[in-house]
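J.: below are the sequence and a predicted model for it; my questions follow.
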Amino acid sequence: RVIRKPTINLTYPVIDRSGDVVAVVFAAMDLAGLDTFVNDISMPPGSILETADASGNLISRRPDPERWFGKRISPALLAALRSQSGAPGAQNAQHGRAVVVMGEDGVERLHAFARVGAPALTEYTVTIGVPTATITQVARDAQLMSLLGLGATTLLALLAAWLAGDKLIVRRVRNLTSVA
């Protein structure tokens, strides 16, 4: 607040041998630097990357970081975030599992979550959401190529069986019937 820029404030206690806190190390990270880092990440079209605090306030989002800064994530995404991160109020915690969540833009995305640092030190969670249509499109394309390959192999096998049957069986039977 002193520099009048959005920042993430980081603190860490310095503890002496007896376990008493003797100092606190403090650093403020400019969110413009975080946005620069986030913009360097390559993601599929329609994907989002969000960093939110425990109460669901966005501190970073890609795309459109300026438009989303300080806004809250959707209730469905917040519930999924809490269930994944083991945050207070989480029910049915499912650590490490990806979750499908319908976005506010009507796009269904598969989200994975990761806490930033240890729970005792930070309350921030990062999520990457990739549209399920993008994920399933790759599988559909692979399935189509497999089916085309299977079809071509089947046709070649039938052609080989027809030619071999014609040469090895039908011609010999014709020769025998013409002699008889």
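T.: Now that the structure is in, tell me what you want to look at.

J.: which residues in this structure form helices?
T.: Residue ranges of the helices in the chain, as given by DSSP state H, are 31-39, 65-68, 75-85, 132-165, 171-179.

J.: report how many residues lie close to Ile48.
T.: Counted with other CB atoms under 10 Å, residues neighbouring Ile48 total 21. For every residue, glycine as well, the C-beta is placed using N, CA and C.

J.: repeat that for the one 3 residues further on.
T.: The burial count assigned to Thr51 is 22, neighbours taken as other CB under 10 Å.

J.: quick one: it and Val173, what's the gap?
T.: Between Thr51 and Val173 the computed distance is 77 Å (CB to CB, to the nearest Å).

J.: with Asn57 instead?
T.: Distance of Asn57 to Val173, given as CB to CB: 84 Å.

J.: below-threshold pLDDT in this structure: ranges please.
T.: Applying pLDDT under 70 to the chain flags the ranges 1-6, 8, 31-39, 65, 84-96, 117-122, 180.

J.: how does it look with 50?
T.: Counting by pLDDT under 50, the chain has low-confidence residues at 88-93.

J.: show me what contacts Ala76?
T.: Residues in contact with Ala76 (CB atoms under 8 Å, 6 or more residues apart in numbering) are Val101, Met102.
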